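Chemist: here's a sequence, model it:
(one chain, ligands or ions: 2)
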Amino acid sequence: MTLKVKNICCIGAGYVGGPTMTVLANYCPDIHINVIDKNKDRINAWNDEDLSKLPIYEPGLKELIKKCRGRNIFFTTKVKESISKADMIFISVNTPTKEKGVGAGQASDLKWIEASAREIAKYSKDNAIIIEKSTLPVKTAETIKEILDASQRKLQDRKKFFVLSNPEFLAEGNAINDLEYPDRVLIGGDNEFAIQALIDIYSRWVDPKKIITTNLWSSELSKLCANAFLAQRISSINSISALCERTGADINEVSKAIGTDSRIGSKFLNAGVGFGGSCFKKDILNLIYISNFYGLKEVAKYWEQVLKINHWQAKRLSTIVVEKLFGTITDKKIAILGFSFKANTNDTRESPAIEICNSLIEEGAKLSIYDPKVNREQIEKDLNLKENKEFNFHSGIGSWQFSNNISSASKNADAILILTEWAEFMNINWSEVSTKMRPPSWVFDLRNVVNIEEAKEYGIKTWRVGFEEPNK
Ligand code: UDX
Ligand code: UDX
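Modeler: Numbering: from 1, shown residues only. Ligands and ions are numbered 1, 2, ... in the order given. I've put the predicted structure just below:
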């Protein structure tokens, strides 16, 4: 038996579904791809003539959309039609942490996965290949299979489905590159024909040696582990950053020295404000939940510590800012440079900037926030606080306003905080910025990206994460 794939449907046009299907469309011009989403506005944005209005920002995405949209990739809200034609269906819906009920605060909420499985059961054709793209708790494939089977009452007419796990490993801001040149493609499943059908697609652009096949549970668990291991490195280096600040060791030198050991490797050793993004925290919480579920309390506690250090780092850095500014930031203006959870994305989910800004606002600071890609509405939503266009510097009440550039954000500011490693912040014109700030002016480089020596030359006091304090 061979399963030939001519038509694909992807449920979920988000940060994962959108770029993944666009790259697939580019390499498989003979395959018709429908990307569906229940959010009509999102679909409209994917279809906007003006490519700067695409719902997500990823370097290289615009160009591929221009080439493939309307050729073999289509963004639509037509659920029934798209599912019923598909030979292969990717599930790429979001799986946030549960807010209530059993497992609240830790387990993933699978309601969208369940809803997708029910729609697939209703509309899809026989022998459809169902692919879990979303990051899911181990054993979710079992749930999907159960829903698919149970939704069909008459045994004799039951449609057949093949469920595979094919987790994504793309990092936002580098998604197109990660999809085009993946370190590996992971496919978990138990049906060799379905697995082969997916291998046939990927091998059009990925070296077959990089395609790893495993059983379903290994694939699901590997995805959680990959993210947990990456997050663990960040918590490890952030814990060491605090030690560097006390001992006079230099965090960049330490990262380099340990990263050159080929067993350790150099990536993911940048100290900073802590990790954000939609995945790391959620996936570790998931790991903690399943470890507890299986009675492995020590394992759960081990991974909990990675999250605790991450939260501690953001809190500790906010406290340092307050201490340096003479113990109070009430009615002081602070320029926040960077709000997204990392550079080259407009995504702010779980961004450490949210926690840091909230705690500074609580202390009464006036924040002027600039990010090259995050807009005013998003910041308002994340901080859960309306923008205050005119600061009243005598109110004692913390507030924030949006800035369009570094220059306006730093006007009359007592301090600048670098929260995201955008390239623009590596080349700040300190001669200009220093004249705009109110002395004694500070820059807190919480990502270690700015040209700190130049800032110092212009009389700015500096503090960097993982470095002994120079102005003691
Ligand atoms: C993905 C993965 O799927 C998630 O498991 C992983 O941990 C993070 O990345 P992402 O693409 O980032 O999620 O999420 P999001 O940008 O929120 O996109 C999901 C889309 O699915 C949304 O546009 C939402 O409207 C859509 N959706 C959700 C549906 O179309 N139908 C549903 O039933 C539920
Ligand atoms: C991550 C995984 O890398 C990807 O494989 C998975 O599919 C989804 O989750 P993403 O969250 O998009 O991707 O970005 P990533 O580059 O991993 O960064 C995550 C967070 O860690 C960011 O907040 C980033 O700033 C931070 N980080 C990363 C550090 O603080 N230091 C580092 O050295 C690296």
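Chemist: at the contact with ligand 1, which residues of this protein appear?
Modeler: Counting by C-beta under 6 Å from any ligand atom, the positions of the chain adjacent to ligand 1 are 11-17, 37-39, 42, 92-95, 112, 115-116, 134-135, 278-279, 282. Using the backbone N, CA and C atoms, a C-beta is placed for each residue, glycine as well.
Chemist: could you redo the last one with a cut-off of 5 Å?
Modeler: 12, 14-16, 37-39, 42, 92-95, 112, 115, 134-135, 278-279 (C-beta under 5 Å from any ligand atom).
Chemist: among the residues you listed, name the buried ones.
Modeler: Burial by neighbour count, judged by 16 or more other C-beta atoms under 10 Å, picks out 12, 14-16, 37-38, 42, 92-95, 112, 134-135, 278-279 from these.
Chemist: quick check, Ile379 in a helix?
Modeler: Yes - assessed with DSSP: H, G, I helix; E, B strand; the rest coil, Ile379 lies in a helix.
Chemist: in stretch 418-430, which residues are buried?
Modeler: Residues Ile418, Leu419, Thr420, Glu421, Trp422, Glu424, Phe425, Ile428, Trp430 are the ones in stretch 418-430 that count as buried (16+ other C-beta under 10 Å).
Chemist: stretch 263-276 now?
Modeler: For stretch 263-276, using 16+ other C-beta under 10 Å, the buried residues are Phe268, Leu269, Asn270, Ala271, Gly272, Val273, Gly274, Phe275, Gly276.
Chemist: picking that back up, near ligand 2, list only the ones from the residues of the chain next to ligand 1.
Modeler: Okay, of the residues of the chain next to ligand 1 touching ligand 2 (C-beta under 5 Å from any ligand atom), that's Cys279.
Chemist: hang on, the earlier thing: what's the closest of the buried ones among the residues of the chain next to ligand 1 to Ile31?
Modeler: Checking these against Ile31 with C-beta to C-beta, the nearest one is Ser92 at 16.3 Å.
Chemist: save the buried residues of stretch 418-430 as a markdown table, and put in secondary structure and pLDDT too.
Modeler: Shown next, in a markdown table, are these (DSSP: H, G, I helix; E, B strand; the rest coil; pLDDT from 0 to 100):
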| residue | secondary structure | pLDDT |
| --- | --- | --- |
| Ile418 | strand | 98 |
| Leu419 | coil | 98 |
| Thr420 | coil | 98 |
| Glu421 | coil | 97 |
| Trp422 | coil | 97 |
| Glu424 | helix | 97 |
| Phe425 | helix | 98 |
| Ile428 | coil | 97 |
| Trp430 | helix | 97 |
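Chemist: what is the nearest of those to Ile234?
Modeler: Ranked by distance to Ile234 (C-beta to C-beta), the buried residues of stretch 418-430 are led by Glu421 at 12.9 Å.
Chemist: separation between the closest one and Arg447?
Modeler: Per C-beta to C-beta, to the nearest Å, Glu421 is found 4 Å from Arg447.
Chemist: circling back: can you name the two of the buried ones among the residues of the chain next to ligand 1 that are farthest apart?
Modeler: Lys38 and Cys279 (21.5 Å).
Chemist: for this protein, which residues are neighbours of ligand 2?
Modeler: 169, 171-172, 234, 268, 270, 272, 275-277, 279, 341-342.
Chemist: biggest separation within those, which pair?
Modeler: Phe169 and Gly272 (21.2 Å).
Chemist: low pLDDT regions in the stretch 351-472 of the chain?
Modeler: 470-472 (pLDDT under 70).
Chemist: which parts of it are strands?
Modeler: Counting by DSSP state E, counting those that start in this stretch, the stretch 351-472 of the chain has these strands, from start to end: 366-370, 399-402, 415-418, 442-445, 461-464.
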